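> Below are the sequence and a predicted model; questions follow.
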Amino acid sequence: MRSTFILAVWTLLAGAGIPLIGVLNSGMARSVGNPLGATAVMFAVACLVAFGLSLPFYGLDGYGRIGAAPLSSYGAGLLIGFYALSATIVIPRFGAGNFIAFILVAQLGTAALVDQFGLFGMARNPANALKLGGFLLILGGVMLMQISGKRAGG
């Protein structure tokens with residue numbers, strides 16, 4: 001129970017930071033003059049922090065096995081890069097709420113496919129009526145946000 005609570009809080013904190021990536025990185029883009037440069041700076045900072053925390057706890061041993069990782073594993077770097085660049089470009093124009101609402105729908109849909117079919121070696125966790133209902137409620141909420149924005153002149 002305690003570990004579930006800790007993981008839930010950790011996940012909430014990580015989730016709270018997601019909209020801030022594009023907000024903060026758009027400020028970096030204004031400073032460096034382009035969104036790709038800002039994204040490169042962001043990943044350089046993240047890389048330094050990750051190595052700085054990884055080395056004292058885990059050492060260098062695992063880095064020798066990087067070549068043994070499945071090729072698809074490297075796709076994570078491409079995806080997070082695309083996400084960060086997209087957030088940097090889209091949030092200032094589309095709004096953080098709109099961006100995250102659409103991201104949420106896309107994440108839930110993709111996660112449902114991964115769970116349903118056990119993609120990328122994940123355990124199968126088939127969809128059911130309640131999961132589909134929850135997804136449809138969230139999709140309806142996103143649609144309401146869009147209708148509300150249009151009526152308010154946004």
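Ah, there it is.
> quick one, helices of the chain?
2-32, 35-58, 75-94, 96-117, 129-151 (DSSP state H).
> Using CSV, lay out those together with distance to residue 67, mean pLDDT and mean neighbour count.
C-beta: built from backbone N, CA, C; applies to glycine. As requested, those are arranged in CSV below (distance: least, C-beta to C-beta, whole Å; pLDDT from 0 to 100; neighbours: other C-beta atoms under 10 Å):
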stretch, distance to residue 67, mean pLDDT, mean neighbour count
helix 2-32, 29, 92, 13
helix 35-58, 18, 95, 13
helix 75-94, 15, 94, 16
helix 96-117, 25, 92, 15
helix 129-151, 38, 89, 12
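> Of the ones you listed, which is nearest residue 64?
Of all the helices of the chain, it is helix 35-58 that lies closest to residue 64, at 12.1 Å by C-beta to C-beta.
> on that earlier part again, can I get the helices of the chain in TSV including distance to residue 123?
Shown next, in TSV, are the helices of the chain (distance: least, C-beta to C-beta, whole Å):
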stretch	distance to residue 123
helix 2-32	17
helix 35-58	25
helix 75-94	19
helix 96-117	8
helix 129-151	15
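> closest one to residue 65 among these?
Minimum separation from residue 65 across the helices of the chain (C-beta to C-beta) falls at helix 35-58, 12.0 Å.
> Need the contact partners of the closest one.
21, 25-26, 28-29, 31-32, 81, 84-85, 88-89 (C-beta atoms under 8 Å, 6 or more residues apart in numbering).
> Widest-spaced pair of those residues?
Across these (C-beta to C-beta), the longest gap, 19.3 Å, separates 31 and 81.
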